[in-house]
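Trainee: Make a model of this:
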Amino acid sequence: MPEPVMEASPRVAKPTQQVNINLEQLHRLGMVTPEGERTPVSEEFRIIKRPLIKAAFNRGLDGSKRHANLIMVTSSLPGEGKTFCAINLAMSIAMEMDHTVLLVDADVARPSVPRYLGIDAQQGLMDVLTNDKLDLSDVMLRTNVDTLRLLPAGESHRNATELLASLAMSNLLDEIARRYPDRIVIFDSPPLLLTSEARALAGQMGQIVMVVEAETTTQHAVKDALRQLGSDDNVSLIYNKAHAFGGNNYGYGYN
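Mentor: Below is the predicted model:
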């Protein structure tokens, strides 16, 4: 008698894990929080996010502007405030009525999103790219902000640049954009002038936000970083740590 054919068991998706962001810590750091009062920082990011949201969903009839809802936040050099801006931008967009946000820690060599948010490091982006048995839903984290999800950097890897430039990464970004068409995805990227990972990532993004530290980052560094990005039709700049007029507070400029 022929042996019975054994049917493969359907893959059971692991429940999405929840983490609690330390909102009090963010508030003490002067960052945007959903329940926080109106502050100069929160108002600045209300201005900054509006054109990014508009561009994210202003697709042509032919479906142009591929991955327009995938936004990379980067800088020329370390210390310019890109992670600070990426988290504030994600938090501000999470306050929208019609959109959700996925914050991806793509600074895979020096992930700092967990430190800001007061959470432990978890499996994440690198693990999905190196383990074909892991699904995006296995490593995506729910948070105590209902409209915000997190994708940690995951385990560091010596071939991070090649992984971010790989077909697996391209397929993952297609999956993110397709599975969550109404979600804005913010990538906290490595600095452009010190790592090759940022350039690998930039070519697959719909929008790029480059953070420039006021009175510190040289014009040469900014121009060099912009040259590495190539086309500038999807690049915006945030002028960070600028002294506000009439006081000693810090502010932001957007262009």
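
Trainee: could you pull out the strands for the stretch 51-200 of the chain?
Mentor: Using DSSP state E, counting those that start in this stretch, the strands of the stretch 51-200 of the chain run over 70-75, 100-105, 141-143, 148-151, 183-188.

Trainee: buried sites along the last one?
Mentor: Pointing back at strand 183-188 there. With burial defined by 16 or more other CB atoms under 10 Å, the residues of strand 183-188 counted as buried are 183-188. To be clear about C-beta, it is placed using only N, CA and C from the backbone, and glycine gets the same treatment.

Trainee: Tell me the gap between it and the middle of its chain.
Mentor: Put simply, strand 183-188 sits 4 Å off its chain's centre (CA atoms, centre = their mean, to the nearest Å).

Trainee: Just want the angle from that strand to strand 70-75.
Mentor: Orientation note: strand 183-188 sits at an angle of 20 degrees relative to strand 70-75 (axes from the mean of the first three to the mean of the last three CA atoms, to 10 degrees).

Trainee: so what secondary structure elements neighbour strand 183-188?
Mentor: helix 40-57, strand 70-75, helix 82-94, strand 100-105 (3 or more CB pairs under 8 Å, 6 or more residues apart in numbering; DSSP states H and E).

Trainee: Grab the CA positions of it and hand them over as CSV.
Mentor: Extracted C-alpha coordinates of strand 183-188, given in CSV (Å, rounded to 0.1, in the frame of the first residue of the first chain):
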residue,chain,number,x,y,z
ARG,A,183,1.4,52.9,7.8
ILE,A,184,4.4,55.3,7.8
VAL,A,185,7.6,53.5,8.4
ILE,A,186,10.5,55.6,10.0
PHE,A,187,14.0,54.1,9.7
ASP,A,188,16.7,55.4,12.1
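
Trainee: ok so, going back, for the buried residues of strand 183-188, give me CSV that also has pLDDT and distance to residue 206.
Mentor: Formatted as CSV, the buried residues of strand 183-188 follow (pLDDT from 0 to 100; distance: CB to CB, whole Å):
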residue, pLDDT, distance to residue 206
183, 90, 13
184, 95, 10
185, 95, 9
186, 97, 12
187, 96, 11
188, 95, 16
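
Trainee: residue nearest the centroid of the protein?
Mentor: The structure's the chain has its C-alpha centroid closest to residue 187; by CA atoms, centre = their mean the separation is 1.9 Å.

Trainee: Low-confidence ranges, this protein, go.
Mentor: Along the chain, segments meeting pLDDT under 70 span 1-16, 59-66, 231-232, 243-255.

Trainee: now the helices for it?
Mentor: Using DSSP state H, the helices of the chain run over 23-28, 40-57, 82-94, 113-117, 125-130, 136-139, 160-164, 167-179, 197-202, 219-229.

Trainee: Of those helices, flag the one that's most buried.
Mentor: helix 82-94 (a mean of 26; mean count of other CB atoms under 10 Å).

Trainee: how far out from the middle of the chain is that one?
Mentor: On CA atoms, centre = their mean, the centre of helix 82-94 falls 8 Å from the chain's centre.

Trainee: can you check stretch 39-47 too?
Mentor: Centroid displacement of stretch 39-47 relative to its chain, using CA atoms, centre = their mean, is 19 Å.

Trainee: picking that back up, which residues touch the residue nearest to the centre of the chain?
Mentor: Residues in contact with residue 187, defined by CB atoms under 8 Å, 6 or more residues apart in numbering, are 70-73, 86, 104, 106, 201, 205.

Trainee: at 6 Å instead, please
Mentor: Residues counted as contacts of residue 187 (CB atoms under 6 Å, 6 or more residues apart in numbering) are 72, 104, 106.

Trainee: Report the beta-bridge partners for it.
Mentor: Under DSSP bridges, the beta-bridge partners of residue 187 are residue 72, residue 104.

Trainee: what's the distance between it and residue 205?
Mentor: 7 Å (CB to CB, to the nearest Å).

Trainee: Residue 119 and residue 30, how far apart?
Mentor: Distance, residue 119 to residue 30, using CB to CB: 19 Å.
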